[in-house]
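> What follows is a predicted structure for the sequence shown.
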Amino acid sequence: MTTQLSILKDDAITLLSELIAIPSFSKEEDGTATAIEKFLAERQVATSRVGNNIIARNKHFDPAKPTLLLNSHHDTVKPNPQYTRDPFAPSIEDGKLFGLGSNDAGGCLVSLIATFLFYYEKENLRYNIMLAATAEEEISGTGGIELSLLHLPAIDCAIVGEPTLMQMAVAERGLMVLDCYSHGKAGHAARNEGENAIYKALKDVEWISNYQFPKVSDLLGPTRMSVTVIETENKAHNVVPAVCRFVVDTRISELYSFEEVLQIIKEHVSCEVKPRSTRLRSTSIALDHPLVKAGLELERTYYGSPTTSDKALMPFPSLKMGPGDSARSHTADEFIYVDEIRNGIELYISLVGKVVSTH
C-alpha cells in the first residue's frame, strides 16, 4: 500500500502540473478534459465524456449498492491581472506548486482522482465510487455538474473538492439575485411633473438595508441582502424617471428556502421583484451523515461556507472538502503546497475508507 500511495501522490502532482499548463477557462476546458481522459486511460480506467466533463465508475460497480460521487472541477477563472509569473507555467518553489487553478481547484481534483484510483479495483465495497471531473464551475454554468448528473446513475452522497484546508464545509449559502423595478411616471423636472421612480425605489432600498431575517443559522449566520446596482434609463437631467431598476444580492442560509425569502421581500416592498435564477440553493449535510461522522473521527472540524460551489446544484447530501486554502483562490501567483496535496490524498482515502470499506 505504501508504494501504491507514493505513486498515486507523485502522479497527482504530475497531473496537476500538466493541467496548469493547459488554459481551461470556463467553457474552454477541452484541453484539460482530454488530459484527464488520457491520464485515466493510461491506468486502464474506462471513462465517458459529456461535453468537457469526464465521468468514471469503479471497476466492480454494482447497481444494487449506494453510490458515492467524487467531484471537482477543472475550469479556471481568467488570471488575476497582478500576476508576476506566467500563470500557465507550473513550477515548484519552496514546497509550493504555482500556477493558475493550482489551488482552485486543481489540487482537490487530482487528490480525488488519486482517491478514486486507490479504490478503483477494490472488491466488496459497501458503496460504488464514481468520479466526475467537471467543467464550468467558476461560472455556475449548465454544462458542468448539472449536465453530468443527467448521465450518472442515482447518487446517494458526494464529496465536492474545493479548497477548505481539508476541513468540512457542511453547509453553504445560497445565492439569489433579484432584479427590482420601481415604477413611477415620467415628467419634466422643471415643472415638478410626474412621479419619481427613484424616490419610490429608495424607500424599498431602505427597507432592504435595515431588515433582519429572524432565523439565524448556527453555521452560516443571518440571511443577508445587499443592493449592489441602481440605475434608470434616463440620459437627460431634466426628466423625472418613470422606472428605476436596482439589483439585490441575496445570500441565504440553510434555514430559508428561496421561495420564503422572496415572499417576505414581496410583502414589504412596493417594487416589482424578479429573481434571475433559483439554481444556486443553500445546502447542508446532516452532522450524523456517514461522511461527516468519518471526518469527525479523523479530527476534522466542520463549518458553514459563505461561498457557493457545485454543491449547490446537487440534489443529494454532499460534503465540501479539499486541500488548499479558499483565501488563495483567484489571487495573483496562485499556489498550493505540495504537502497539502500529499496529505489531502491520505485524508481523502481514510475518510472514504471509513464509509465504503467493509472492515
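Good, I have the coordinates. Numbering: from 1, shown residues only.
> excluding its backbone neighbours, what's nearest the residue nearest the centre of the chain?
Of all residues in the chain, the one closest to the mean position by C-alpha atoms, centre = their mean is S309, 1.3 Å from it. Nearest non-adjacent residue to S309, counting by C-beta to C-beta, 6 or more residues apart in numbering: E162, 5.1 Å away. (C-beta placed from N, C-alpha, C; glycine too.)
> list the contacts for that neighbour?
Contacts for E162 (C-beta atoms under 8 Å, 6 or more residues apart in numbering) come out as 72, 104-105, 108, 169, 307, 309, 311, 320-322, 326.
> mind checking how far it is from T3?
Applying C-beta to C-beta, to the nearest Å, the value for E162 to T3 is 30 Å.
> Next: L347.
Applying C-beta to C-beta to L347 and T3 gives a distance of 19 Å.
> Looking at the two, which has the bigger crowd around it?
Ranked by neighbour count (other C-beta atoms under 10 Å), L347 and T3 place L347 first, with 20 against 7.
> Could you say which helix or strand holds that one?
Counting by DSSP states H and E, the element that carries L347 is helix 338-356.
> Tell me the helices and strands packed up against the lowest-mean-pLDDT helix or strand in the chain.
Least confident helix or strand of the chain, by mean pLDDT, DSSP states H and E, is strand 187-188 with a mean of 90. If contacts are counted by 3 or more C-beta pairs under 8 Å, 6 or more residues apart in numbering; DSSP states H and E, strand 187-188 sits against strand 239-240.
> List the pairing partners of the strand it packs on within its sheet, with orientation.
strand 187-188 (antiparallel) (DSSP bridges).
> Any buried residues in stretch 112-124, and which?
Applying a neighbour-count criterion of 16 or more other C-beta atoms under 10 Å, one finds 112-120 buried in stretch 112-124.
> Please, where are all the strands along the stretch 201-350 of the chain?
216-217, 221-222, 224-232, 239-240, 243-252, 272-275, 283-284, 302-305, 318-320, 335-337 (DSSP state E, counting those that start in this stretch).
> now the fifth one: how far from the chain's centre is it?
The one in question is strand 243-252. 22 Å (C-alpha atoms, centre = their mean, to the nearest Å).
> I230 contacts D204, doesn't it?
No - assessed by C-beta atoms under 8 Å, I230 is found out of contact with D204, at 10.6 Å.
> overlap in contacts of those two?
With C-beta under 8 Å, 6+ apart, I230 and D204 have common neighbours F246.
> neighbour-wise, which of the two wins?
The neighbour count for I230 versus D204, taken as other C-beta under 10 Å, is higher for D204 (21 against 15).
> State the distance from that one to D75.
37 Å.
> for H268, same thing?
For H268, the distance to D75 - C-beta to C-beta - is 39 Å.
> cool, S326 as well?
Counting by C-beta to C-beta, the gap from S326 to D75 is 17 Å.
> The two: who's more crowded?
Per other C-beta under 10 Å, whichever of S326 and D75 has more neighbours is D75, with 24 against 20.
> Please read off the pLDDT at that one from the model.
Per-residue pLDDT puts D75 at 98.
> ok, now M1?
M1 is given a pLDDT of 61.
> OK, contacts around I54?
With the criterion set at C-beta under 8 Å, 6+ apart, I54 makes contact with 33, 36-37, 40, 47-48, 131-133.
> Quick check: phi and psi on it?
Backbone torsions of I54, given as degrees, to the nearest 10, read phi -110, psi 130.
> what does the one 10 residues further on give?
According to degrees, to the nearest 10, the main-chain angles of A64 amount to phi -80, psi -10.
> Identify all contacting residues around the helix holding L347.
So helix 338-356 is in contact with 5, 8-9, 12-13, 16, 68, 70, 92, 95-97, 107-108, 110-112, 114-115, 118-119, 125-127, 129, 159, 166, 290-291, 293-295, 297-298, 300, 321-324, going by C-beta under 8 Å, 6+ apart.
> Stretch 166-179: how far from the chain's middle?
8 Å.
> cool, stretch 203-217 as well?
26 Å.
> Give me the buried positions along it.
So stretch 203-217, judged by 16+ other C-beta under 10 Å, has buried residues 204-205, 208, 213, 217.
> And for stretch 329-347?
329-330, 333-338, 340-342, 344-347.
> Switch the strands of the stretch 201-350 of the chain over to TSV; also include distance to P79.
Putting the strands of the stretch 201-350 of the chain into TSV (distance: least, C-beta to C-beta, whole Å) gives the following:
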stretch	distance to P79
strand 216-217	35
strand 221-222	32
strand 224-232	25
strand 239-240	43
strand 243-252	25
strand 272-275	32
strand 283-284	30
strand 302-305	24
strand 318-320	24
strand 335-337	13
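> ok, of the buried residues of stretch 112-124, which one's closest to S140?
Taking C-beta to C-beta as the measure, S140 sits nearest to L112 out of these, at 20.0 Å.
> Distance of the closest one relative to A33?
16 Å.
> before we move on, what about A294?
Taking C-beta to C-beta, one finds A294 at 30 Å from A33.
> out of these two, which sits in the busier spot?
A33 (23 against 19).
> Which ones among the buried residues of stretch 203-217 map onto helices?
204-205, 208 (DSSP state H).
> Go through those residues and name the one nearest A56.
I208 (46.0 Å).
> Which residue, neighbours along the chain excluded, lies closest to that closest one?
Nearest non-adjacent residue to I208 (C-beta to C-beta, 6+ apart): M225, at 5.1 Å.
> List the contacts of the one you found.
Contacts of M225 (C-beta under 8 Å, 6+ apart): 208-209, 211, 248-251, 265.
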